[in-house]
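Trainee: Predicted model follows, preceded by the sequence.
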Amino acid sequence: MARFVSMMWSEDVRDIEAGVAVHTIQELISGLYRRHWPLGLISPPVGLRAFGTWVLEGAPEESPYWSAQWYIEQSYEPSVDKIVGSRFLSLVEAEPWQQDDPHYDVALVARDLIASDDALASAPDSFVLGAMVPGMAAVISIHRLRRILGIHEWQLALRRLVLHFFGHVIGLPAGRYAGSDAPHHCFNLCVMRDARDARELVRLAMEEEEAEVTFCRECSERLKGIIMGHHFHLS
């Protein structure tokens, strides 16, 4: 069936950060549309809805799911000043809109991110650049990208981070994994390679830019197949 991509971001995400993230996904989807969609199709079967920092009109602030900021407040752990990724994603999985109309969710936050409550207990100083439920949702932290010097490097890193986690959201990589130290990541020259921190993110992004590669051939074919699959299931 057809799906859409819902994007939201927290209040402390800057306009330029949100703009790069939105443009990155729009550019990917429209590029696939131009190359692969049959003539006469009015719009791609996967569209982007950028809700930003939304508020549900008329909903009291104490009610569940009243705003984008509610997700932040519910998943924030003050003892480490981080958002707990698994908490955030659990809220997305249970949200009424996801239940009524399954879709892809991508969220951008400016606070630091820790993977889960298990990580909080065992390694409270740890962090991740993003967390995801494959095939459904991702929450991406730009906190550590703000330390990157150089506008070009920063843009490359943010674009790659968004592409990487959007790839996970729609079901990548294409079954080619990097090994036990980086499960569920591609080992080709590809944005689906794992990056543990901002420095590695920049390094990989620059490698891919130099080689003029975004997704590798295998991941590109899977990406096309998933997106086109939504077209053929349009009712």
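Mentor: That came in fine, so what should we check first?

Trainee: Past the longest helix belonging to the chain, which element shows up next along the chain?
Mentor: Counting by DSSP state H, the longest helix found in the chain is helix 15-36. Using DSSP states H and E, the next helix or strand after helix 15-36 towards the C-terminus is strand 46-52.

Trainee: Parallel or antiparallel, which strands does that next one pair with?
Mentor: strand 3-9 (parallel) (DSSP bridges).

Trainee: got the angle for the strand it pairs with vs helix 15-36?
Mentor: On the basis of axes from the mean of the first three to the mean of the last three Cα atoms, to 10 degrees, strand 3-9 is oriented at 160 degrees to helix 15-36.

Trainee: and Cys186, how many residues sit next to it?
Mentor: 24 (other Cβ atoms under 10 Å). Where C-beta positions appear, they are placed from N, C-alpha and C, glycine not excepted.

Trainee: cool, and Ile151?
Mentor: 9.

Trainee: Give me the distance from the worst-scoring helix or strand of the chain on mean pLDDT to the chain's centre.
Mentor: Of all helical and strand segments in the chain, the minimum by mean pLDDT, DSSP states H and E falls on helix 217-232, at a mean of 81. On the basis of Cα atoms, centre = their mean, to the nearest Å, helix 217-232 sits 17 Å off its chain's mean C-alpha point.

Trainee: Tell me which other helices or strands that helix touches.
Mentor: If you count contacts as 3 or more Cβ pairs under 8 Å, 6 or more residues apart in numbering; DSSP states H and E, helix 217-232 packs onto helix 15-36, helix 151-170.

Trainee: winner for burial among the ones you listed?
Mentor: When those are scored by mean count of other Cβ atoms under 10 Å, the highest mean neighbour count falls to helix 151-170 (a mean of 22).

Trainee: other SSEs contacting it?
Mentor: Helix 151-170 packs on helix 15-36, strand 104-109, strand 130-133, strand 137-141, helix 198-211, helix 217-232, going by 3+ Cβ pairs under 8 Å, 6+ apart.

Trainee: Can you show me the CA trace of it as CSV?
Mentor: What follows is helix 151-170, C-alpha atoms only, in CSV (Å, rounded to 0.1, in the frame of the first residue of the first chain):
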residue,chain,number,x,y,z
ILE,A,151,30.1,24.3,6.3
HIS,A,152,30.8,21.8,3.5
GLU,A,153,31.8,19.0,5.9
TRP,A,154,28.8,19.8,8.1
GLN,A,155,26.4,19.6,5.2
LEU,A,156,27.9,16.4,4.0
ALA,A,157,27.7,14.8,7.4
LEU,A,158,24.1,15.9,8.0
ARG,A,159,23.0,14.8,4.6
ARG,A,160,24.7,11.4,5.0
LEU,A,161,23.2,10.9,8.5
VAL,A,162,19.7,11.6,7.3
LEU,A,163,20.1,9.3,4.2
HIS,A,164,21.6,6.5,6.4
PHE,A,165,18.7,6.5,8.9
PHE,A,166,16.0,7.0,6.2
GLY,A,167,17.6,4.0,4.5
HIS,A,168,17.0,2.0,7.7
VAL,A,169,13.5,3.3,8.0
ILE,A,170,12.5,2.0,4.6
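
Trainee: taking the mean pLDDT, what do you get for that helix?
Mentor: The pLDDT scores in helix 151-170 average 97.

Trainee: Report the angle between that helix and strand 137-141.
Mentor: Using the same axes, to 10 degrees, helix 151-170 lies at 160 degrees relative to strand 137-141.

Trainee: Look up how far Ser79 lies from Glu212.
Mentor: 44 Å (Cβ to Cβ, to the nearest Å).

Trainee: Could you list the low-pLDDT ranges of this protein?
Mentor: For the chain, the stretches with pLDDT under 70 are 1-2, 35-45, 174-183, 230-235.
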